[in-house]
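>>> Sequence first, predicted model second:
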Amino acid sequence: MNTPSSVASRRARQKIYRENNREKIRVQQAGYRLANREKRLAQASDYYHKNRETVLSHLRTLREEAKRKLGGKCRNCGCDDLRVLEFNHANGDGAKERKAGMVETRFLRQIISEDRSDIDLKCRLCNALDYLERKYGKLPFSVSWNR
Ligand SMILES: [Zn+2]
């Protein structure tokens, strides 16, 4: 019988089970994801194509929230136009992280929940200059935000 109190106590038991079996559940879920990789990729692709506008709008909202969380302006020149601000890996590990399978939504959620201290904001120009100076050493350029 599904009385409200039996549902509540079942949920409480399930919560206790999950807390006591975290590792077992983690391993089971990882196994499921691995065994059903193709199916899950197809479902995700199907969902994306059917809900493209919703997915992209959600991503825009997450990006803005993450940018605000990081102070909403370029660390170098102070530019505060969210459209031109980019996430900058302080130690230049962005490509390595993407190759290791980091997806943008997880990355943004980590920033929003303050789990990332290695990320800061730079405008596109300062980020480009940063990249070039890592590659060639100090260059005779500077970026200024005239506002
Ligand atoms: Zn800048």
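That came through fine. Keep in mind it's a predicted model, so treat the numbers as computed, not measured.
>>> Can you show me the helices along this structure?
For the chain, applying DSSP state H gives helices covering 4-20, 22-35, 37-50, 52-69, 94-99, 104-112, 124-136.
>>> Quick check: which of these is nearest to residue 88?
With Cβ to Cβ as the criterion, residue 88 lies closest to helix 124-136 of the helices of the chain, at 5.6 Å. Where you see a C-beta, it was placed from the backbone N, CA and C, and this is true even at glycine.
>>> Centre of the chain to that closest one, how far?
Centroid separation for helix 124-136 versus its chain: 23 Å, with Cα atoms, centre = their mean, to the nearest Å.
>>> Just the mean pLDDT for that helix, thanks.
The predicted model assigns helix 124-136 a mean pLDDT of 93.
>>> what's next to that helix, contact-wise?
Contact partners of helix 124-136, identified using Cβ atoms under 8 Å, 6 or more residues apart in numbering, comprise 74-77, 79, 84-86, 88, 92, 122, 139, 141, 143.
>>> in the helix or strand bottoming out on mean pLDDT in the chain, what counts as buried?
When each helix and strand of the chain is scored by mean pLDDT, DSSP states H and E, helix 94-99 comes last, with a mean of 86. When burial is assessed from 16 or more other Cβ atoms under 10 Å, helix 94-99 yields the following buried residues: residue 94.
>>> ok, now stretch 104-112?
Neighbour-count burial for stretch 104-112, counted by 16+ other Cβ under 10 Å, picks out 107, 108, 111.
>>> And the closest residue to the last one other than its chain neighbours, how far from the ion?
Right, residue 111. Distance criterion Cβ to Cβ, 6 or more residues apart in numbering; nearest residue to residue 111, sequence neighbours excluded, is residue 66 at 4.2 Å. Using Cβ to the ion, to the nearest Å, residue 66 is found at 17 Å from the ion.
>>> so who does residue 66 touch?
For residue 66, the contacting residues are 87, 108, 111, 112, by Cβ under 8 Å, 6+ apart.
>>> Closest to residue 15 out of those residues?
Nearest to residue 15 among the contacts of residue 66 is residue 112, at 24.9 Å by Cβ to Cβ.
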